Every structure is written in C-alpha cells, then in structure tokens.
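Participant: Mind folding the following:
(chains A, B, C and D, ligands or ions: 4)
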2 protein chains.
Amino acid sequence: MSAESAFPPIDHDHGRCVDLLMSAVERLRAEQTLRLTPQRRRVLEMVAASHVALGAYDILARLGGGNGRPMAPISVYRALDFLLQHGLVHRVESLNAFIACTRPGARHDALLMICSVCRRVAELQSPAIEAAIAASAAAGHFLVTHPVVEIAGICRVCRAADR
Amino acid sequence: MSAESAFPPIDHDHGRCVDLLMSAVERLRAEQTLRLTPQRRRVLEMVAASHVALGAYDILARLGGGNGRPMAPISVYRALDFLLQHGLVHRVESLNAFIACTRPGARHDALLMICSVCRRVAELQSPAIEAAIAASAAAGHFLVTHPVVEIAGICRVCRAADR
DNA sequence: GAGCAATTGTTATATTGTATCATTTCTATC
DNA sequence: GATAGAAATGATACAATATAACAATTGCTC
Ligand SMILES: [Zn+2]
Ligand SMILES: [Zn+2]
Ligand SMILES: [Zn+2]
Ligand SMILES: [Zn+2]
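Facilitator: Ligands and ions are numbered 1, 2, ... in the order given. This next block holds a predicted model:
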C-alpha cells in the first residue's frame, strides 16, 4: 500500500478492500494447509471489514449478533492468535486491538500509522525505516526479532477535513 | 545513551543510574515548578530502580511493603500519568509497563529496545530512525504526533551469555 | 483564615486477557 | 467404515490492566 493511498477516503469502496484480502487468503489456503475454519473466517472478515482497529471484545460483540450463540472471549483470542501466526492480521500494541494485514502472504513486520481523529490504522511500507532500525540495532549488538512501529498522528483525510 | 551502553552489564553500579536520573529531576524541579510529591517520587524511584519495565501493579505491590497503607491502583496510575506528562518515564506499549527515561529534561519520543530474555528495556537514540519516520509520514501527508518504536529482540549481554 | 486549585483517598467498576479441563471435529490409518 | 490421535472449540472461572465518580485533604494566594 503506497503512502498516498494508505488512508483512503472514508466512503471508498470498502467491499473491494475486503475482497482483495479474502482472495489473497484464498490463494494462501490453496498453497498451504491453512485451516481457516468458519470461526476464524468470521473473525478475519470482521477485522477486514474495518479500517479502525478492533479490540477482541469489539469483535466478540459484533459476532454475537450472528447466528449461533456468542463466542467466548477465549475463542476470539484463539482465532486472533491463529490469524496473527499466519500473518493475516496485525496486533496494534498501543491500542490493544487488531487490524487486517494489507499484504497477507508477504511475511513482514507491520509499520502502522494510527489516526487519532478517525481512529483508522494504515499499514506503511518503508525500507528506510526498516533499514534505520536494523542499523541502530546492529550498532548496539541487539538482535531484532520483532520491531514494533506505531506512529500516532492525524491522517491526510482528517487534516484536509479540518480546514 | 549510546547504542553500546544501552544494555549495561546485569551487575553494574545501578545506584549511579538512579542518582543520575534523580539529579536530573532535581535540576528540572529547580528550574520549573515541578510538583514532585512524595507519592510521585516514590513511584519514580521505583521505576528508576529497575531496568526491567514495571507494570502499574508491580509498582503497587512493591510500594505496599513501605510505610503507609498501600496505594490504590488509581493513585499509581495518576502518579505515572504525571511522570509521563513531564517526560520522566516512558510507557512501553507492547508490555503495558513503564520505564524511566534516561534523558529527562530533553523532551523526546522514546525509541526502545526490549530484550525478551532479560526483559530489560533500553532507550535508543537514532536521528536516522526519526528522520525515516518523518519522511514516510510526510510522504503520506500524515501529521505525526507521537511515534512509538519498540524493538523486541535479544540484547548484547544476553547474546554474549548464550554462547 | 477564606477561597480556590491541585492532589490524594475511597469505592466500585470497566476493559483486556488466560487457565483449565471437557467436548467436539478433523484427519490419517487400518 | 471403524478407530485412534491431533487439532479445534466449548464452558467456566479467573487474572491482569485501567478508569469513573465523588469525597476528603493539602497547598497556595489573597
Ligand atoms: Zn477499505
Ligand atoms: Zn483520520
Ligand atoms: Zn542501572
Ligand atoms: Zn537481555
């Protein structure tokens, strides 16, 4: 996702976002043995349906209104753990929440921008940031296993709306 | 703090770390009107006494053994909020915990390295990382208010010990 | 010392995340 | 197809983290 399209207009064709994600997942499922059970799929779709990061209990509440009896919290967390393991969602540490990955299949650490106005979260790609982190770590003989970058601020859409 | 001294030996003279911090605080207190009450000071000293990030309830438990009756959770959080406001501690988002700032007085966003073996947290200085984040944000017309960088990995001390 | 703002106390509650063990579902093999 | 093991889910309880609301106290200014 380019820097320019990271925060799309609020009223964009979001079905397309979800479709892109789910088709990427289908590809993964065909290649690997990805056991995307109905539960896990429902959680993934729920997360993918929002550009705002969802907490586990948000997901729980939204799933409860469905067909079967509501899931227990632990079940949501288990589904989220699975999705995290397989790189389909990212955890947003500073929000205790989760966001769908925009590049599933390409294993990567997430660089996130978080808009404090519209609450949306966008994934960023930046070899420069990754390189700078790698260089600093190397200088301190620190072995990086999982870099977390979550940039809080105001997105271009909200800045434009604020005029 | 240079990259090399970020993770000091486990058995270093830690009193010196605390003293450095507290003297910096004293300077701040003289210059500004920093109301470092006994409560706040106790919390700050507690955080400064550890290179491992402490959760609010860790602090609570350690303070409880003191003189007066134990503080309520809210009181610890209020003290921590104050210390955060004044740049004396940083919140470690990925741990829901807190670490003393190694450069109080110089307002800055924290770049943290977190060792998953010894659990210690070190503050990093890196204009390169800051610049790369600023550049990416600018490219996406994103206005940065609070960048969070928390690099999980293994520190040089633990790597050396692992041989 | 009266008035006001900042801090702290007290109690209750909200939010986020796990432990444990039973049950069900899936898969491979015979 | 029966069957045994592995993976996933259900069910219940609980732990850990964080905040709301309002009362009481402290510290400062006039
Ligand atoms: Zn979308
Ligand atoms: Zn926004
Ligand atoms: Zn020290
Ligand atoms: Zn270490």
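
Participant: Contact distance from chain B - what residues of chain A qualify?
Facilitator: A:3-4, A:6-7, A:93-94, A:111, A:113, A:115-116, A:122, A:124, A:126, A:128-129, A:131-133, A:135-137, A:139-156, A:159 (Cβ under 8 Å from any Cβ of the partner chain). All C-beta spots, glycine's among them, are computed from the backbone N, C-alpha and C.

Participant: Which among those residues count as buried?
Facilitator: A:3, A:6-7, A:93-94, A:111, A:113, A:115, A:122, A:124, A:126, A:129, A:132-133, A:136-137, A:140-144, A:147-156, A:159 (16 or more other Cβ atoms under 10 Å in any protein chain shown).

Participant: Roughly how far does the nearest residue to residue A:27 once chain neighbours are set aside sit from residue A:30?
Facilitator: Of all residues not flanking residue A:27 in the chain, residue A:105 sits nearest, at 6.8 Å (Cβ to Cβ, 6 or more residues apart in numbering or on different chains). Separation of residue A:105 from residue A:30 (Cβ to Cβ, to the nearest Å) stands at 11 Å.

Participant: quick one: contacts for residue A:36?
Facilitator: By Cβ atoms under 8 Å, 6 or more residues apart in numbering or on different chains, the contact set of residue A:36 is A:25, A:29, A:44.

Participant: Would the least confident helix or strand in chain A by mean pLDDT count as contacting ligand 1?
Facilitator: The helix or strand of chain A with the poorest confidence is helix A:14-31; it has a mean of 84 (mean pLDDT, DSSP states H and E). Yes - interface with ligand 1: helix A:14-31 contributes A:14, A:17 (Cβ under 5 Å from the ion).

Participant: re earlier: which ones among the contacts of residue A:36 come in contact with DNA strand D?
Facilitator: Filtering the contacts of residue A:36 for proximity to DNA strand D by Cβ under 7 Å from any atom of the strand leaves nothing.

Participant: For these, which single residue is the most surrounded?
Facilitator: residue A:44 (27 neighbours; other Cβ atoms under 10 Å in any protein chain shown).
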